[in-house]
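J.: sequence first, then the predicted structure, then my questions.
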Amino acid sequence: MNTTTSQTTFSSGLSDFKQLTKVGLSLSVVFSSVAGYLLAAESVDYSILIILTIGGYFMVGASNAFNQVIEKDTDKLMKRTMNRPIPTGRMSVNSAMIIAVIFTILGIGMLYYINPKCALFGAISIFLYTSVYTPLKPVTPLAVFVGAIPGAIPFMLGWVAATNDFSIEPGTLFLIQFFWQFPHFWAIGWLQYDEYKKAGFNMLPMGRKDKGAIKQIILYTIIMILVSILPVLKQTGDFWIYPLTAVIIFLLGVYMLYFAIQLYKHKTDAIARKLMLSSVLYITLIQIIYVVDKFLH
């Protein structure tokens, strides 16, 4: 009986820990870092890759934990967040803070072991997410612009980990993921509009669920597509792609743009969900495509 109880306690504790650090999101961020590393590395150092993966997870996990401590009261108001460990009382604020601080120290420490530039970008990411983006969310829709900066760091972080250099190549990777986040987050903002409203957040541009917001989504999707195929011009240093690769990426972008245009026509949540899912597909596939292209050079 005691064994069963302790197993249940452990599994629920583990589940809470995973929710606090948002394991799913953290893994997608780590995936971006690994893609950035593979794009830049002349030869793969697996020890660095493992440290980058674990350090990256700690970095994102710390940001998410701090975020949930700050938003513990607003999380209670929204369906998708009310069952998180802190609002339900399953985890104390102190416990969450301890995890967040330990993750910050371990994450930045591991990134510093790779090189100081990695640690700097990791620290900037945690600071902006927790100290600027999170407090701005109830104040202005412009919070999304601030949040897009830490969100865009992981892809370029991999390149910096491999080269110990920040120049046009990681800058281009940053821009790709930076512009991608607007249609992605605004699609979520559209879907969660009423829920966010309960918590006093407004994530849509100009704060309204209207055609104006969708025009912004379309504009940023087009910019994202153009930035994503920019490396075909071979003006972005060592990061360049073949014309066929650019065509494939362009078509993936058009697929996403199709849902943005459909959303403009119909303004339904069902299409907003398809746009959001197509954006996840886009960022995942183009990172794989870039890496495959690089190994064909």
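T.: The structure has been received and is ready for your questions.

J.: domain parsing of the chain, as residue ranges.
T.: 15-164, 167-297 (automatic domain parsing).

J.: turn those into a markdown table, including mean pLDDT and mean neighbour count.
T.: Placement of C-beta: from N, CA and C, glycine included. A markdown table is the format used below for those (pLDDT from 0 to 100; neighbours: other Cβ atoms under 10 Å):
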| stretch | mean pLDDT | mean neighbour count |
| --- | --- | --- |
| domain 15-164 | 94 | 19 |
| domain 167-297 | 95 | 18 |
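
J.: got those domains as TSV, with distance to Thr9 columns?
T.: Below are the domains of the chain laid out as TSV (distance: least, Cβ to Cβ, whole Å):
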stretch	distance to Thr9
domain 15-164	11
domain 167-297	30
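
J.: out of those, which gets nearest to Thr8?
T.: Among these, the nearest to Thr8 by Cβ to Cβ is domain 15-164 (10.5 Å).

J.: from what I see, Phe250 and Ile229 are in contact.
T.: Yes: using Cβ atoms under 8 Å, Phe250 is in contact with Ile229, at 5.5 Å.

J.: dump the residue contacts of Ala260.
T.: By Cβ atoms under 8 Å, 6 or more residues apart in numbering, the contact list for Ala260 reads 183, 214, 217-218, 221, 275.

J.: run through the helices of the stretch 151-297 of the chain in chain order.
T.: 168-191, 193-199, 211-229, 243-266, 269-296 (DSSP state H, counting those that start in this stretch).

J.: wait, which of these is closest to Arg90?
T.: helix 193-199 (19.9 Å).

J.: ok, residues contacting that closest one?
T.: 71, 74-75, 77-80, 138, 189, 202-204, 209.

J.: stretch 75-86 too?
T.: For stretch 75-86, contacts defined as Cβ under 8 Å, 6+ apart pick out 16, 19-20, 68-69, 71-72, 74, 87-88, 91-93, 96, 192, 195-196, 198-199.
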